[in-house]
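J.: here is my input, please return the structure:
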Amino acid sequence: MINIKTGLCVVALALVLTACEPIKTDQGYHLDPEQLAKIEPGRTTKDAVQEIMGSPSSIATFQTEGDAWYYISSKTEHLAFLAKEVKERNVVIVKFDVNDVVAEVEDLNKDAGQEVEIVERETPTGGRKLGFLEQLFGNFGRFNTQPEGQ
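T.: Sure thing, here's the model as predicted:
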């Protein structure tokens, strides 16, 4: 009888432990160092970069001279409903000059990232503040259901 209980406890424990397996997510562009080595600043064109690496994850919108393409990938992991933890992040930035030729290639990892501080501000709005009941019952009687002239 004790062996059966022990066996059931071991099976239950094994099921509980396998249910705690982290959920892993792999998203974005997978960097191949051989492809990155083919891109030479001053020689490779924008069309060649697209052939070698494909479409970028993002394109810079506020660039003064030339363009910048971003190839972004990340690997995250989380348990059940807990917050995701970034295990790996890689950003390849390909900057182009005004002639659409590669000017610079940067390869950044997770350690190069910076936390962005969120600013806690509210934009003031005009008008008066309504109470709960005013908001709830404020529209009663405002709308005329009959067409004008009748």
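
J.: helix or strand: which one has residue 14?
T.: helix 2-19 (DSSP states H and E).

J.: now do the same for residue 83: helix, strand or coil?
T.: The three-state label given to residue 83 by DSSP: H, G, I helix; E, B strand; the rest coil is coil.

J.: any idea how far residue 76 is from it?
T.: The gap separating residue 83 from residue 76 is 10 Å, by C-beta to C-beta, to the nearest Å. Glycine gets a C-beta too; all of them are placed from N, C-alpha and C.

J.: more neighbours, the two?
T.: residue 76 (17 against 7; other C-beta atoms under 10 Å).

J.: so where is this structure shaky, pLDDT-wise?
T.: 1, 15, 17-19, 63, 141-150 (pLDDT under 70).

J.: strands of that one, start to end?
T.: 23-28, 58-59, 68-78, 85-96, 102-109 (DSSP state E).

J.: wait, which of these is closest to residue 125?
T.: strand 58-59 (33.0 Å; C-beta to C-beta).

J.: residue 118 is nearest to which of the strands of the chain?
T.: Here strand 85-96 is closest among the strands of the chain (C-beta to C-beta), at 17.7 Å.

J.: just the buried residues of that closest one, please?
T.: 89, 90, 91, 92, 93, 94, 95, 96 (16 or more other C-beta atoms under 10 Å).
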